[in-house]
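Student: 3D, please:
(one chain, ligands or ions: 1)
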Amino acid sequence: MIVFKLTAEISEFLAKKKETGSTIGFVPTMGALHPGHISLINSSVAGNSLTVCSIFVNPTQFNDKKDFEHYPITLEQDIDMLEKAGCDVLFLPAVSEIYPNGTDTAKQYELGYLETILEGKYRPGHFQGVCAVVDRLLEIVQPHRLYLGQKDYQQCMVIRKMVELTGAATQIEIAPTLRADDGLALSSRNMRLNAEERALAVNIYESLCFIKREINTGNLQVLKLRAVNFLTEYGFKVDYVEIADATDLRLIDQWDGHTKLVALIAATLDQVRLIDNMLL
Ligand code: PAF
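Tutor: Numbers count the residues shown, from 1 in each chain. Prediction:
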């Protein structure tokens, strides 16, 4: 695996590869890699001649400074995992490579409704930061295909919208969420849970399963409230339990029995904020 730290060098290398007919698959990450990331690398390796992974803990997408400071960093282990998975290129930029004009001058993306709900509502500015970094990374890497995980359902939609807005020539591939044996969605943030919290964390998945089992046509308020109460009893601070149209994330209170739905949860256990979702 070749490691690049400089934008000019990786861009030149990849442009040459493209000239000779290579297809490029790209997996952007913030490191602290787990098997969920590796499944994205595997999809990219299977579908492209060259796979590029970036590791960059993007400061502009953290609305909470403490969350940024505590974000896990496991670089040596990440490099080892990427090499074993057959990743060809790793991009490890410094902040100045991604934001040469500083982090305050980033342009605004017209995300509309998508930015006002769920994660957008609870993490103001988060999706503008995600768009800024992914837009810049796409400009540098110019991949044929971009690989994202369904675990960040709203992020996938936001990035799709950003790619529509900028006209970037990349195809978005979304891979299913990987889960631990008990059902907890794999996430870099799980590393911050102690043993007791880790055992409790599975209740987010249990709540999603409960919603999937119990959902019926008509009003959904009681069902959502039962899930909130269930999580609260286990000691979670619940930001939201929501049910939305799976195609556009419009929040749904009355189900017609036909619209394809997704249930989404965000809840904090001690200091660790976890999100998950399930297609119903
Ligand atoms: O999902 C993530 O890890 C990040 O939001 C991403 C897409 C790498 C952008 O920093």
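
Student: Return the set of buried residues in the lengthiest helix in the chain.
Tutor: Counting residues, the longest helix found in the chain (DSSP state H) is helix 195-214. Buried residues in helix 195-214, counted by 16 or more other CB atoms under 10 Å: 197-198, 200-208, 210-211. C-beta here means a position set from N, CA and C on the backbone, and glycine is covered the same way.

Student: What helices and strands are in contact with it?
Tutor: Counting contacts by 3 or more CB pairs under 8 Å, 6 or more residues apart in numbering; DSSP states H and E, helix 195-214 is packed against helix 221-233, strand 237-245, strand 261-269, strand 272-279.

Student: Of these, which stretch is the most buried?
Tutor: Among those, judged by mean count of other CB atoms under 10 Å, the one packed with the most neighbours on average is strand 261-269 (a mean of 22).

Student: and it, which strands flank it?
Tutor: Here strand 261-269 is paired, per DSSP bridges, with strand 237-245 (antiparallel), strand 272-279 (antiparallel).

Student: I'd like the next helix or strand past the longest one.
Tutor: Later in the chain than strand 237-245, the nearest helix or strand by DSSP states H and E is strand 254-255.

Student: one step back: and the buried residues of helix 195-214 as TSV, adding pLDDT and distance to Val57?
Tutor: Output for the buried residues of helix 195-214, formatted as TSV (pLDDT from 0 to 100; distance: CB to CB, whole Å):
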residue	pLDDT	distance to Val57
Glu197	97	22
Arg198	97	22
Leu200	98	26
Ala201	98	22
Val202	98	27
Asn203	98	28
Ile204	98	24
Tyr205	98	26
Glu206	98	30
Ser207	98	29
Leu208	98	28
Phe210	98	34
Ile211	98	32
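
Student: quick one: which of those residues is nearest the ligand?
Tutor: The ligand lies nearest to Ile204 out of the buried residues of helix 195-214, by CB to the nearest ligand atom, at 17.6 Å.

Student: With Ile2 as the reference, measure out to the nearest residue to Gln221 once chain neighbours are set aside.
Tutor: Nearest-residue entry for Gln221: Asp253, 6.3 Å, with adjacent residues in sequence omitted and distances by CB to CB, 6 or more residues apart in numbering. According to CB to CB, to the nearest Å, Asp253 and Ile2 sit 51 Å apart.

Student: now Leu269
Tutor: Noted for Leu269: a distance of 39 Å to Ile2, by CB to CB.

Student: near the ligand, which residues of the protein show up?
Tutor: Counting by CB under 6 Å from any ligand atom, the chain comes close to the ligand at Pro28, Thr29, Met30, Asn58, Gln61, Val130, Val133, Val134, Asp152, Gln155.

Student: which SS class is the first one?
Tutor: Under the three-state scheme (DSSP: H, G, I helix; E, B strand; the rest coil), Pro28 adopts strand.

Student: so it makes contact with Cys131?
Tutor: No. Using CB atoms under 8 Å, Pro28 is not in contact with Cys131; the gap is 11.9 Å.
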